[in-house]
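In: after the sequence you'll find the predicted model.
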Amino acid sequence: MEPLNYGKLNDAATFLGDHSGGSEVLLKAKGKDATTDSKKVHSHSGNAVTMMDKFYAGVCNSITSSLSQLENDKPQLYSREQLKEFTKDFSQPLGSGGFGDVYKGQFPDGLFIAVKVLKNIQRDEKVMEEQFVAEVVTMGRAYHCNLIKLHGYCYEANTKFKALVYDYMENGSFDTILFEKKLDIPWAKLHNIAKEIAQGISYLHESCKPQIIHHDIKPANVLLDSNLSPKVIDFGLAKVNNGESQFEQTKIKGSRDYMAPEVNQSKQVKLSCKLDVYSFGKVLFDILGSKRNHIDKSGFPGQVWEKYKTNQLDKFILECGIKEEDKENAKRLAIIALLCCEHNPQARPMLSNVVKMLEGEIKQLNTPVVPFYPDYYSSESSSMSDSRDC
């Protein structure tokens, strides 16, 4: 069998002169071409080697830089003194909650940050430690444009001082925008915010290996940046689904208004991403009702379901302050919300499909069957009768 012939060596030499790359080039020719053309190659070889050396130096520098950046992108360990420097001795409070206080800060390079200092509550010490670890572990392996970036953390074993360092979000919490109406956001933008939240949670469910369940999806756990792009935050209750845990009974905590019915009906529940889907559905109801003159969160989802069943949803949406040109889009979002809140977890869609529904890629929507839970409607009948008008 004849050896492979990749053409005359002078052609190969021209190639090397024009292209820098490759760790080793093996050139073979047969007959007199090999002798004649090898002389031509020699005249080009010096330039070729020099160019390859430069190429590899560039590649090595690029790899080193990339690996260095990868290392820098991991959550970094900061000292309390560093955090005091970043926050000017914790002098710019952004907010306070039951488990921590948040302060505005700035890195030496000018990047603004938010530093959450966890409270030391003795009776909740174990819970606080678990949430702190969950936050660092989950956010340390999850990277998505709709998830908050965790820059680092601080932990002092002797004082139990714990803090988390995030990106600073200029427009604050989504719930204050929805319920306190601090910004008048057009419907199209609200719809896009809903889609981006779904994209972030879908990444946790379907792209992270093993799967991450957030367990506390609600508007208060979504921040908006300067462009009103949402970032899901607060992974203190997040759990990693390693496969086997899907069948184990796991204690669940979270915000009751956004909990799936299977959680409310039992102290323990099987770990599933469908818990987050239900919570996201309740967030969609919050978005749908945000244009109303008054807020009645508890009764609103039941009202949407009743109006849907009686073919009055179009009129109801307009009564809730949504413009005629946005009506069909809002009606579609309402049906998606009902599907996400199905009583049967298996009937709830995956959030990747919810994204496609919101984008219109999935045009035909299923018919909601039994959203919420069986006694949901009777428990809400009084509140619904008191708030028929939006």
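Out: Great, that's in hand. Residues are numbered from 1 along each chain as shown.
In: thought His144 was touching Ile201?
Out: No - in this structure His144 lies outside contact range of Ile201 using CB atoms under 8 Å: 9.4 Å. Quick note: C-beta positions are derived from backbone N, CA and C, even for glycine.
In: more neighbours: which of these two?
Out: Neighbour tally, His144 and Ile201, criterion other CB atoms under 10 Å: the higher count belongs to Ile201, 28 against 18.
In: how about the more buried one, secondary structure?
Out: helix (DSSP: H, G, I helix; E, B strand; the rest coil).
In: show me the beta-bridge partners of the closest residue to Tyr168 other than its chain neighbours.
Out: Excluding the flanking residues, the one nearest Tyr168 by CB to CB, 6 or more residues apart in numbering is Phe112, at 3.9 Å. According to DSSP bridges, the residues that bridge with Phe112 are Gln106.
In: tell me the spacing between Phe112 and Lys309.
Out: Phe112 sits 48 Å away from Lys309, going by CB to CB, to the nearest Å.
In: where along the chain do the strands fall?
Out: Ranges of strands within the chain are 76-77, 93-96, 100-106, 112-118, 150-156, 161-167, 211-213, 222-224, 230-232, 239-241, 249-251, 268-270, based on DSSP state E.
In: now render those strands as TSV, adding mean neighbour count.
Out: Listed next are those as TSV, based on neighbours: other CB atoms under 10 Å:
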stretch	mean neighbour count
strand 76-77	12
strand 93-96	13
strand 100-106	19
strand 112-118	21
strand 150-156	19
strand 161-167	21
strand 211-213	24
strand 222-224	23
strand 230-232	24
strand 239-241	18
strand 249-251	12
strand 268-270	15
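In: so which of these comes closest to Leu178?
Out: Shortest distance between Leu178 and the strands of the chain, using CB to CB, is found for strand 222-224: 9.6 Å.
In: would you mind pulling up the elements that that closest one packs against?
Out: Other elements packing on strand 222-224 under the criterion 3 or more CB pairs under 8 Å, 6 or more residues apart in numbering; DSSP states H and E are helix 174-179, strand 230-232.
In: at 6 Å what do you get?
Out: strand 230-232 (3 or more CB pairs under 6 Å, 6 or more residues apart in numbering; DSSP states H and E).
In: how close does Glu361 get to Glu342?
Out: Distance check for Glu361 against Glu342: by CB to CB, it reads 21 Å.
In: and those two? which has more neighbours close in?
Out: Neighbours were tallied for Glu361 and for Glu342 using other CB under 10 Å; the higher tally belongs to Glu342 (23 against 9).
In: Ser165 contacts Gly152, correct?
Out: Actually, residue 165 is Val. It isn't Ser. Yes - applying CB atoms under 6 Å, one finds Val165 in contact with Gly152, separated by 4.6 Å.
In: buried stuff in stretch 78-86?
Out: 78, 82-83, 86 (16 or more other CB atoms under 10 Å).
In: for that stretch, what is the distance to the chain centroid?
Out: Taking CA atoms, centre = their mean, to the nearest Å, one finds stretch 78-86 lying 27 Å from the centre of the chain it belongs to.
In: what average pLDDT does it get?
Out: Averaging pLDDT along stretch 78-86 yields 98.
In: residues in contact with it?
Out: Counting by CB atoms under 6 Å, 6 or more residues apart in numbering, stretch 78-86 makes contact with 105, 115, 152, 154, 161, 163, all of which sit outside it.
In: going by distance to Glu319, which of those residues wins?
Out: Nearest to Glu319 out of the contacts of stretch 78-86 is Val115 (CB to CB; 43.5 Å).
In: is it true that the closest one touches Tyr103?
Out: Yes - taking CB under 6 Å as the definition, Val115 is a contact partner of Tyr103 at 4.9 Å.
In: now the common contact residues for the two.
Out: Thr87.
In: from Val115, how far out is Leu190?
Out: Leu190 sits 29 Å away from Val115, going by CB to CB.
In: same check, this time on Ser352
Out: With distances defined as CB to CB, the gap from Ser352 to Val115 amounts to 33 Å.
In: tell me how the chain divides into domains.
Out: Per the record, the chain has its domains at 9-73, 76-167, 178-386, by automatic domain parsing.
In: most packed of those?
Out: When you average the neighbours per residue for each of the domains of the chain (mean count of other CB atoms under 10 Å), domain 178-386 leads with a mean of 18.
In: is it true that Lys356 touches Lys363?
Out: No - counting by CB under 6 Å, Lys356 stays clear of Lys363, with 9.5 Å between them.
In: neighbouring contacts of stretch 110-124?
Out: With contacts defined as CB under 6 Å, 6+ apart, stretch 110-124 is touched by 83, 87, 99-103, 105-106, 128, 160, 162-166, 168.
In: scratch that, stretch 194-212
Out: Taking contacts as CB under 6 Å, 6+ apart, the residues outside stretch 194-212 that touch it are 138, 142, 144, 146-147, 222, 230, 232, 238, 240-242, 273, 276, 287, 351-352, 354-355, 358.
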